[in-house]
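[1] need a 3D model of the sequence below.
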Amino acid sequence: MPTISSTPMTDITNVTTTTGAWSTPVCECKDLKRKLSWDCGEMWTEDCFDKSCREGKIELTPVVCPESSRPKCPRDQATQVWDGCCETWKCDCRCELYGDPHYISFQGVTFDFLDECTYLLVEEQSIHYNLTIAVDNFACVEGLPGSCARGIILKYQNSTATLGILQDMFQVQATLNNVTIQPPYEEPGWRFETTGYVVSIYLPDLRSYVSLTSSYNLVVSLAMEHFLNNTQGQCGVCGVGSCVRKGGQIEDDSCCSKTANDWVYHDPLKPACASAPRDVPCISPTTVPTSPPATPCPASPLCELLQHPVFSNCTPYVDLDLKMKNCKFDSCTSGPCASLEQAAEECKVKECIDWRSLTNGTCDVPCDAGLVYRECQKKPDGFCHGGAHYQGDTTENYIGGCFCPSGQVRAGNHSSTCVDTCSYCKGPLGEPKMPGEVWQSGCSWCTCNKQTVTEECDHNPPVSAPLCSSTAVLVNRSCCGDQICVEKTCSYQGKTYKMGDRWRDAAHPCTSFSCSKDGIQTVIKVCLTEECQEEDRIWDDQHCCFTCNQNCAPKMTSLNLTVDSCVAVIQMPVCQGQCDSEPRVVLHNDLQVEQQSSCCVERFFERRLVTLQCSDLTTRSYNYTHITSCECRYCTVLW
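    Okay, here's the model as predicted:
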């Protein structure tokens with residue numbers, strides 16, 4: 001195979017490492033778009049190419065798929081698996097229960113187990129995936145021996161899923177973490193599917209699944225690459241043995257009906273099962289039949305269908321004698337359909353048998369209205385999407401289920417409605433609309449019907465005008481005449497205010513604004529007139545009005561004293577502050593207005609000594625009055 005050299009994703013990246021006088025470039029390849037890098041010499045596989053980083057360039061060689069032949073697998077359960085580049089064969093471990101219940105282990109060993117407790121079918125010997133699978137058995141018919149599988153309990157990682165038969169409805173119900181699931185449904189690690197008859201839970205990461213039908217047919221299929229020699233339970237050890245006990249001991253293939261007792265699963269709804277027998281020896285002191293006891297009622301005539309020519313080609317692949325015996329035993333409990341269905345299912349590996357039409361309706365499968373049951377379908381129904389028709393993928397084996405009549409397809413991938421052509425809904429501009437979508441077209445509301453995938457439009461009926469509050473006005477919302485109440489607003493300097501809002505403007509500190517139904521209202525604050533120096537003014541929060549500081553107190557001031565040629569600088573207190581004043585009329589020789597003023601003057605003082613420094617380097621000391629407190633005292637000024 002020739003080597004394909006790609007266009008270099010980058011030149012050699014010259015990241016250098018300096019050691020002494022030498023520097024060594026670092027060789028690597030980079031994918032700048034994905035922000036990935038590889039060192040030179042590194043090799044990996046991606047996009048079906050083997051890739052390598054050489055001299056700063058990525059070289060690609062197409063992956064060569066190995067020749068893959070069908071392997072020899074237990075029960076011939078082989079599956080072709082596509083990994084995105086190549087298709088290879090893989091083995092599966094398949095365990096089945098049917099009827100009352102009859103078991104087929106992973107290795108193909110058949111046995112019957114009739115107890116009605118809940119039992120472990122599968123658990124891991126060494127925990128890798130936290131996987132356990134249990135079967136919920138119950139007494140199909142009270143008073144008669146035997147039981148049927150009415151449910152599956154599947155625990156995987158930290159979740160629990162169940163499949164259970166709703167007997168009155170002849171349906172299988174699925175749940176995930178106690179929430180009912182309507183297949184199809186998918187979330188990370190889980191996928192639920194249905195054919196309308198078989199409901200399956202797939203674990204895509206493990207290539208494994210379980211399934212259940214309303215005829216009590218149960219399937220467990222595990223990927224051998226994940227579970228080889230690492231399971232135990234009633235289904236056995238994947239790829240190794242069938243009759244396994246707790247602790248891993250494998251007994252002879254004839255002992256499975258005894259080892260099955262060991263795998264009681266704790267079920268709080270079945271407290272009596274806590275004392276169910278365990279560790280039953282393979283060889284009992286008394287003779288115990290290894291096959292079902294004789295049926296207490298006549299066998300169903302439908303069991304004879306196993307000898308009908310329609311099953312004749314199945315003889316090389318299916319033990320029809322065993323199915324006949326099981327069918328007769330099940331006649332009183334689960335009925336003949338489970339054994340007939342199991343025989344047909346095992347035969348599907350080579351060919352498909354359309355047998356239900358021979359049962360006169362006894363084994364018919366009910367389908368939703370518009371669907372028909374078909375046993376031998378090679379691929380699911382085609383379906384519509386966006387007006388286009390998509391074919392269903394061809395399956396390796398035949399599938400049975402509810403399908404559209406010939407010539408019809410599903411209206412959607414998971415729709416139960418069948419249509420002749422793939423129509424699709426269109427919006428007002430011709431754009432496609434998805435089923436269930438709702439949109440407005442003109443004055444009508446339209447819905448894309450999920451069943452018919454056609455538009456259904458209803459004209460909006462006239463609606464009486466709403467009664468608006470005093471703070472709102474009535475306006476037309478559209479040309480269709482529908483009216484709504486819109487709150488009145490006020491706009492001021494680019495901002496919008498609702499009714500009742502109040503605000504201020506820093507440029508007009510004495511003005512407050514409010515929004516009313518009549519527009520913007522203003523209120524101007526009027527200030528009392530006072531006179532005082534700026535430093536004595538106390539302003540309000542809006543810097544609109546001020547009051548004068550009435551504090552009369554000593555304040556220190558610096559004085560330069562000079563007496564003859566002697567000087568000193570002292571800090572001397574003086575009385576400062578605002579005092580209230582009021583005018584009054586007094587009568588002296590004539591009528592005069594006298595201002596009864598309060599002046600800030602000293603109240604208490606003390607004598608202190610100050611020392612002056614003289615030019616002849618001598619000092620002189622003087623006494624002075626040092627004010628210690630002040631007060632407002634009346635002083636008279638004549639006008």
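[2] how much space between the most centrally placed residue in the chain and Tyr202?
    The C-alpha lying nearest the average C-alpha coordinate of the chain belongs to Glu187 (CA atoms, centre = their mean; 8.8 Å). With distances taken as CB to CB, to the nearest Å, Glu187 is found 12 Å from Tyr202. All C-beta atoms are positioned from the backbone trio N, CA, C, and that covers glycine.
[3] swap in Thr110?
    From Thr110 to Tyr202 the distance is 26 Å (CB to CB).
[4] name the SS class of Leu114, please.
    Three-state call for Leu114 (DSSP: H, G, I helix; E, B strand; the rest coil): coil.
[5] dump the residue contacts of Trp38.
    Taking CB atoms under 8 Å, 6 or more residues apart in numbering as the contact definition, Trp38 lies against Glu28, Cys29, Trp44, Cys53, Ile58.
[6] just the element for the closest residue to Gln440 other than its chain neighbours, please.
    Nearest residue to Gln440, sequence neighbours excluded (CB to CB, 6 or more residues apart in numbering): Cys446, at 7.3 Å. Using DSSP states H and E, Cys446 sits in strand 444-448.
[7] quick one: distance of that strand to the chain centre.
    30 Å (CA atoms, centre = their mean, to the nearest Å).
[8] buried residues, it. List them.
    Of all the residues in strand 444-448, those buried under the rule 16 or more other CB atoms under 10 Å are Cys446, Thr447, Cys448.
[9] for it, packing partners?
    Here strand 444-448 touches strand 438-441, strand 455-459, going by 3 or more CB pairs under 8 Å, 6 or more residues apart in numbering; DSSP states H and E.
[10] which stretch in those strands has the least confidence?
    Lowest mean pLDDT within the helices and strands packed on strand 444-448: strand 455-459, at a mean of 83.
[11] Provide the strand pairings for the helix or strand following that one, with the direction of each partner.
    With elements assigned by DSSP H and E, the helix or strand that comes after strand 455-459 is strand 472-476. Paired strands of strand 472-476, with direction, are strand 483-487 (antiparallel) (DSSP bridges).
[12] what does the strand it pairs with rub up against?
    463, 465-466, 468-469, 471-477, 498-499.
[13] and the closest residue to Asn476 other than its chain neighbours, how many neighbours?
    Closest residue in space to Asn476, ignoring its immediate chain neighbours: Gln483 at 5.6 Å, by CB to CB, 6+ apart. Neighbourhood size, Gln483 [other CB atoms under 10 Å]: 15.
[14] Asn360 now?
    10.
[15] show me where the chain has its helices.
    Assigned by DSSP state H, the chain shows helices spanning 224-227, 256-259, 320-329, 337-347.
[16] show me what counts as buried in the third one.
    Which is helix 320-329. Neighbour counts using 16+ other CB under 10 Å place Leu320, Leu322, Lys323, Met324, Lys325, Asn326, Cys327, Lys328, Phe329 of helix 320-329 among the buried residues.
[17] ok, the first one next?
    Buried positions in helix 224-227, judged by neighbour count with 16+ other CB under 10 Å: Met224, His226, Phe227.
[18] compute the distance between the last one and Thr132, please.
    It refers to Phe227. In terms of CB to CB, Phe227 sits 12 Å off from Thr132.
[19] over to Thr625?
    Thr625 is 104 Å from Thr132, by CB to CB.
[20] those two: which has the busier surroundings?
    Neighbour totals were compared for Thr625 and Thr132, and Thr132 leads with 18 against 11 (other CB under 10 Å).
[21] what mean pLDDT does stretch 282-293 get?
    Mean predicted lDDT for stretch 282-293 stands at 58.
[22] need the contact list for the closest residue to Cys85 other than its chain neighbours.
    Excluding the flanking residues, the one nearest Cys85 by CB to CB, 6+ apart is Cys48, at 4.0 Å. Taking CB under 8 Å, 6+ apart, we find Cys48 in contact with Pro62, Val63, Gly84, Cys85.
[23] out of these, who has the most neighbours?
    Val63 leads those on contacts (other CB under 10 Å) with 17 neighbours.
[24] wait, that residue sits on Asp83?
    No: in this structure Val63 lies outside contact range of Asp83 using CB atoms under 8 Å: 9.9 Å.
[25] Ser200: how many residues sit nearby?
    By other CB under 10 Å, 19 other residues sit near Ser200.
[26] with Thr529 instead?
    6.
[27] quick one: pLDDT of it?
    Thr529 is given a pLDDT of 74.
[28] same deal with Asp590?
    pLDDT, read off for Asp590, is 57.
[29] do Thr611 as well
    90.
[30] what's the spacing between it and Gly236?
    117 Å.
[31] now Gly494
    From Gly494 to Gly236 the distance is 80 Å (CB to CB).
[32] the two: who's more crowded?
    More neighbours surround Gly236 than the other of Gly494 and Gly236, with 28 against 5 (other CB under 10 Å).
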